[in-house]
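Participant: make a model of this:
(one chain, ligands or ions: 1)
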Amino acid sequence: MTTLLQGTGLHRAYGNTPALRGIDIEIAEGETVAVTGPSGCGKSTLLHCLAGIMRVDSGEVRYRNEDIGRWSEAERSRLRRTEFGVLFQFGQLVPELTAGENVALPLLLAGAKRREAKVVAQRWLDRFGVGELAGKLPGAMSGGEQQRCAVARALVTEPRVLFADEPTGALDVLTGEQVLTGIVRVAREEGMAVVLVTHEAQIAAYADREISLRDGALDPTGLGLRTGA
Ligand code: ADP
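Facilitator: Predicted structure coming up:
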């Protein structure tokens with residue numbers, strides 16, 4: 001399999017608190033990888049560094065074999081708008097915009113025409129079973145509906161990698177599994193890679209592979225959530 005994203009010797013601290021202490025990680029094209037481990041072990045920091053949202057103190061993040069740490073903020077922000085999709089625990093939809101407008105937004109920012117963006121946004125809302133909510137404001141939707149719209153918004157630009165940080169953490173188990181099944185299905189259909197941060201075993205079980213962290217390093221036991229460790 002071709003390596004799409006690679007982190008080598010990643011270190012990152014917040015003041016005197018080390019969050020990443022030398023992590024090596026590779027994500028292949030089309031692969032769904034769960035990053036697991038207890039709260040505070042560095043999962044979110046790793047995701048932010050791999051997505052180019054946060055700079056590492058030392059080490060390299062390579063995307064398609066290019067060292068994105070050397071890129072300017074403008075170049076990295078363009079990468080995030082085009083090749084990467086990002087999804088957090090709470091969808092963070094823009095409250096003043098309808099679901100359809102929220103999902104169309106990344107396309108408009110990328111230069112699409114309004115009418116075309118609307119059509120594509122509708123298709124992605126349909127794909128996640130919330131097509132009939134296109135005209136609604138986030139405040140008038142349930143948490144699960146909002147998160148489905150947020151997933152549609154994260155995927156509407158057809159990214160090559162989706163970075164998802166506890167994307168089902170605020171949802172009940174059933175809704176969470178439905179949202180995740182949708183993400184995994186689209187990832188398989190589109191050949192998209194997914195970096196999925198979670199502390200829940202049943203969520204990690206959806207991934208092709210699990211990487212477990214302890215105290216900012218790869219878990220030396222190699223035992224992840226699936227083994228009950
Ligand atoms: P996880 O996602 O596994 O819960 P994080 O990456 O959020 O872990 O945090 C890793 C470590 O870095 C923890 O010790 C946490 O307290 C610390 N940390 C995270 N964000 C900050 C921040 N903004 N300022 C200071 N310390 C932080």
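Participant: for the chain, longest helix please?
Facilitator: Counting residues, the longest helix found in the chain (DSSP state H) is helix 173-190.
Participant: who's in contact with Gly9?
Facilitator: For Gly9, the contact set (CB atoms under 8 Å, 6 or more residues apart in numbering) comprises Gly22, Ile23, Asp24, Ser58, Gly59, Glu60. Where C-beta positions appear, they are placed from N, C-alpha and C, glycine not excepted.
Participant: which of the three states applies to Ala164?
Facilitator: For Ala164, the secondary structure call by DSSP: H, G, I helix; E, B strand; the rest coil comes out as strand.
Participant: related to what we said a few turns ago, out of the contacts of Gly9, which are buried?
Facilitator: Buried members of the contacts of Gly9, counted by 16 or more other CB atoms under 10 Å: Ile23, Gly59.
Participant: narrow the contacts of Gly9 to those in strands?
Facilitator: Gly22, Ile23, Asp24, Ser58, Gly59, Glu60 (DSSP state E).
Participant: nearest residue to the spatially most central residue of the chain other than its sequence neighbours?
Facilitator: Among the residues of the chain, the one closest to the centroid is Phe163, at 1.7 Å (CA atoms, centre = their mean). Among residues not flanking Phe163 along the chain, Ala51 sits closest, at 4.5 Å (CB to CB, 6 or more residues apart in numbering).
Participant: give me the neighbour count for the one you found.
Facilitator: Using other CB atoms under 10 Å, Ala51 is surrounded by 23 other residues.
Participant: distance check, it against Val179.
Facilitator: Distance of Ala51 to Val179, given as CB to CB, to the nearest Å: 20 Å.
Participant: next: Ala117.
Facilitator: 23 Å.
Participant: so who does the closest residue to Leu137 other than its chain neighbours touch?
Facilitator: Counting by CB to CB, 6+ apart, Thr98 is the residue found nearest to Leu137 once chain neighbours are left out, at 5.9 Å. Applying CB under 8 Å, 6+ apart, we find Thr98 in contact with Ala134, Gly135, Lys136, Leu137.
Participant: format those residues as TSV; extra columns: neighbour count and secondary structure.
Facilitator: Supplementary listing: the contacts of Thr98 in TSV, determined by neighbours: other CB atoms under 10 Å; DSSP: H, G, I helix; E, B strand; the rest coil:
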residue	neighbour count	secondary structure
Ala134	20	coil
Gly135	10	coil
Lys136	16	coil
Leu137	16	coil
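Participant: those residues: which ones sit near the ligand?
Facilitator: Here nothing survives when these are matched to the ligand using CB under 6 Å from any ligand atom.
Participant: now do the strands in this protein.
Facilitator: Ranges of strands within the chain are 3-14, 17-28, 32-36, 58-63, 66-67, 84-87, 161-165, 193-197, 209-214, 217-218, based on DSSP E.
Participant: would you turn these into CSV with distance to Ala110 and mean pLDDT?
Facilitator: As requested, these are exported to CSV (distance: least, CB to CB, whole Å; pLDDT from 0 to 100):
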stretch, distance to Ala110, mean pLDDT
strand 3-14, 20, 97
strand 17-28, 23, 96
strand 32-36, 25, 96
strand 58-63, 18, 96
strand 66-67, 20, 94
strand 84-87, 12, 93
strand 161-165, 16, 96
strand 193-197, 20, 97
strand 209-214, 31, 95
strand 217-218, 35, 96
